[in-house]
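*Asks:* sequence and predicted model, in that order:
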Amino acid sequence: MSCDILIVGSGAGGASIAQELSKKGKTVTILEAGAYPKLGTERNALKYYTGGFFGPGEFSKDKVEILRTKMVGGSSVVTFGNGTRALQAEFKSHGIDLEAEFQEAENELNIVQCPEENMGERTKLLMKASQELGYHCNPMPKFIDFSKCRGCGNCVLGCIYGAKWTSRNYIGDAYKHGAKLLTNHQVETVLTQGDQIKGVKARTPEGLKEIEAETVVLAAGGLGTPVILQKSGLEAGSHLFGDTLVTTFGVKKDANFSTELGMATIIDDFHDTEGYILSPTMEGPLDLLTDRFPLSKKHVVLNLSKLIGVMAKTRDTANGTVFADGSFEKPVPQVDREKIDKGYERSKELLLAAGVEPKSVFRTHIRAGHPGGTAGVGRVVNNELETEVSGLYVCDCSVFPEAPGKPPVLTIVALAKYLAAKLAPS
């Protein structure tokens, strides 16, 4: 097999590049390690989150749980639909100006602030509490068609109503322009001839295949891309971050809350000064059962209609490592624990102001949802996102120069547009 451009991964980065290049007449093939699973339930989620029954994420040697999926569309399918810019100044300092790409991506994804009428009662209650405490609580920018949103609260399980943009939208456009998508193709290594890319070797249902290409773009994510690079003899895998987070919950006894859209608002007063954002969110029964918090609190699973949650997401230290066998370390140094603790205290303060029972408050174990930094710009790729191998590029969270502490999808799409313009100038 052969093609002009081979893209490894169908998430936000891979699908965006595929769409851009196929529209310009390039012969594009996308290789995806996963398939097309059914969405929308926690039971189905067990098939596409890479963890297992005892937790949806993969645990580092340091007991930090990192969440990701393996399927067509990647983790873009299970986001909250948040469309925030991240690391724009940091990329510009590396010679990557994304202003035009951000504007284009925001228009294509139809990003709008979450309307108040689409906010649930929990969110409105926390919004009022924020105002009383003097915090700036703003509607979250979303790539959601709110005319289709049912407020089911299942964004992280995959939207079954077609309300939320995912990279599958771009894959569909790419397909219309001639791109090919091959599922269940797990790329093992890239193939080179001298310092020039030749293609990839992939494990498929038919066995190992070698696929030749003039250009290869790795977009397998912050945990997947560095494994491929290392197995190919290239340096990668250090500087892992994850935007570590905890969610703090409390019970409001007189409440009878319905399901609602998660992360409909954002408090980023403390993002630059203390290193975290706050946003209302909930978890499903299976998530709560597998969370590492005291057994004495597990009864909350029976009273979800009385539960309120606030997520504190931090800009963590890029001190982790992904190894060639796929395992990883993600230490939580004291400076990050202090961010998490401050985020927890602010979350608790919000919940108490919203009227939860003080003795009911608890927090989850440390999770992370945005692994990246493992093929960073200025270290593994240059400011055109190219590695030391000519024709081998990276375009996913791996190239981020540091942890954003904010949702990264919009930034990844902007980077993909930037790279596509380099690969196929107008």
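*Replies:* Ah, there it is.
*Asks:* residues in contact with the nearest residue to Cys397 once chain neighbours are set aside?
*Replies:* The spatially closest residue to Cys397, leaving aside those adjacent along the chain, is Gly372, at 3.0 Å (Cβ to Cβ, 6 or more residues apart in numbering). To be clear about C-beta, it is placed using only N, CA and C from the backbone, and glycine gets the same treatment. Contacts for Gly372 (Cβ atoms under 8 Å, 6 or more residues apart in numbering) come out as 222, 240-242, 396-400, 403, 408.
*Asks:* likewise Gly74?
*Replies:* 9-12, 14, 34, 68, 167, 221.
*Asks:* now do Lys297
*Replies:* Per Cβ under 8 Å, 6+ apart, neighbours of Lys297: 360, 362.
*Asks:* so Leu415 makes contact with Gly13?
*Replies:* Yes: between Leu415 and Gly13 there is a contact at 6.8 Å, judged by Cβ atoms under 8 Å.
*Asks:* quick one: Phe54 from Thr290, how far?
*Replies:* Phe54 sits 6 Å away from Thr290, going by Cβ to Cβ, to the nearest Å.
*Asks:* so these two - more neighbours on which side?
*Replies:* Thr290 (18 against 8; other Cβ atoms under 10 Å).
*Asks:* quick check: the more buried one touching Gly52?
*Replies:* No: counting by Cβ under 8 Å, Thr290 does not reach Gly52; the two are 9.4 Å apart.
*Asks:* what does Ala420 show for phi and psi?
*Replies:* phi -60, psi -40 (degrees, to the nearest 10).
*Asks:* show me where the stretch 1-150 of the chain has helices.
*Replies:* For the stretch 1-150 of the chain, the helices defined by DSSP state H, counting those that start in this stretch occupy 12-23, 42-45, 88-92, 99-108, 121-133.
*Asks:* contacts for the fourth one, please.
*Replies:* Applying Cβ under 8 Å, 6+ apart, the contact partners of helix 99-108 are 83, 85, 88, 410-411, 413-415, 417-418.
*Asks:* PyMOL command to pick out the buried ones of those residues?
*Replies:* To isolate the buried members of the contacts of helix 99-108 in PyMOL, using 16 or more other Cβ atoms under 10 Å:
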select buried, resi 83+85+88+410+411+413+414+415+417+418
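*Asks:* hey, which helix is longest across this structure?
*Replies:* If you go by DSSP state H, the chain has its longest helix at helix 334-353.
*Asks:* so how far is whichever helix or strand comes after that one from its chain's centroid?
*Replies:* With elements assigned by DSSP states H and E, the helix or strand that comes after helix 334-353 is strand 362-363. In this view, strand 362-363 has its centroid 23 Å away from the chain centroid, taken as Cα atoms, centre = their mean, to the nearest Å.
*Asks:* 528 is where my numbering starts, stick with that
*Replies:* Yes, from this point I'll number from 528; that puts the last item at strand 889-890.
*Asks:* so which elements touch strand 889-890?
*Replies:* strand 771-778 (3 or more Cβ pairs under 8 Å, 6 or more residues apart in numbering; DSSP states H and E).
*Asks:* please give me every residue in contact with the nearest residue to Val591 once chain neighbours are set aside.
*Replies:* Spatial nearest neighbour of Val591, chain neighbours left out: Lys857 (4.4 Å); criterion: Cβ to Cβ, 6+ apart. Each residue near Lys857 by Cβ under 8 Å, 6+ apart is listed here: 587, 589, 591, 593, 767, 769, 771, 846-847, 895.
*Asks:* same question, Asn830
*Replies:* Per Cβ under 8 Å, 6+ apart, neighbours of Asn830: Val778.
*Asks:* now do the lowest-mean-pLDDT helix or strand in the chain: everything it contacts.
*Replies:* When each helix and strand of the chain is scored by mean pLDDT, DSSP states H and E, helix 812-817 comes last, with a mean of 82. If you take Cβ under 8 Å, 6+ apart as the criterion, helix 812-817 is touched by 569, 580-583, 825, 827-828, 831.
*Asks:* buried subset of the contacts of Lys857?
*Replies:* 587, 591, 593, 767, 769, 771, 846-847, 895.
*Asks:* re the thing from before, now the contacts of helix 626-635 in CSV, with pLDDT and distance to Asp700?
*Replies:* Listed next are those as CSV, based on pLDDT from 0 to 100; distance: Cβ to Cβ, whole Å:
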residue, pLDDT, distance to Asp700
Gly610, 98, 18
Arg612, 97, 23
Gln615, 98, 25
Leu937, 98, 18
Thr938, 98, 20
Val940, 98, 13
Ala941, 98, 17
Leu942, 98, 18
Lys944, 98, 13
Tyr945, 98, 18
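*Asks:* which among the contacts of helix 626-635 gets closest to Leu548?
*Replies:* Leu548 has its nearest neighbour among the contacts of helix 626-635 in Lys944, at 10.7 Å by Cβ to Cβ.
*Asks:* one step back: buried set for the longest helix of the chain?
*Replies:* For helix 861-880, by 16+ other Cβ under 10 Å, it's 863, 866-867, 869-871, 873-878, 880.
*Asks:* quickly name whichever of the residues you listed is closest to Gly918.
*Replies:* Asp863 (37.3 Å).
*Asks:* hmm, Gly751 and Ala763 touching each other?
*Replies:* No: the pair Ala763 / Gly751 is not scored as a contact, 11.0 Å apart, by Cβ under 8 Å.
*Asks:* where does the stretch 678-827 of the chain dip in pLDDT?
*Replies:* For the stretch 678-827 of the chain, no stretch has pLDDT under 70.
*Asks:* go with 80
*Replies:* Along the stretch 678-827 of the chain, segments meeting pLDDT under 80 span 819, 821-823.
*Asks:* tell me which stretches of it form helices.
*Replies:* 694-703, 748-758, 812-817.
*Asks:* can I get the longest one in CSV, CA atoms only?
*Replies:* Included here for helix 748-758 are C-alpha records, laid out as CSV according to Å, rounded to 0.1, in the frame of the first residue of the first chain:
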residue,chain,number,x,y,z
GLY,A,748,-2.1,11.5,21.3
GLY,A,749,0.2,12.4,24.2
LEU,A,750,0.5,8.7,25.3
GLY,A,751,0.4,7.0,21.8
THR,A,752,2.7,9.2,19.7
PRO,A,753,5.8,9.0,21.9
VAL,A,754,5.6,5.2,22.0
ILE,A,755,5.7,5.0,18.2
LEU,A,756,8.6,7.5,18.1
GLN,A,757,10.6,5.6,20.7
LYS,A,758,10.0,2.2,19.0
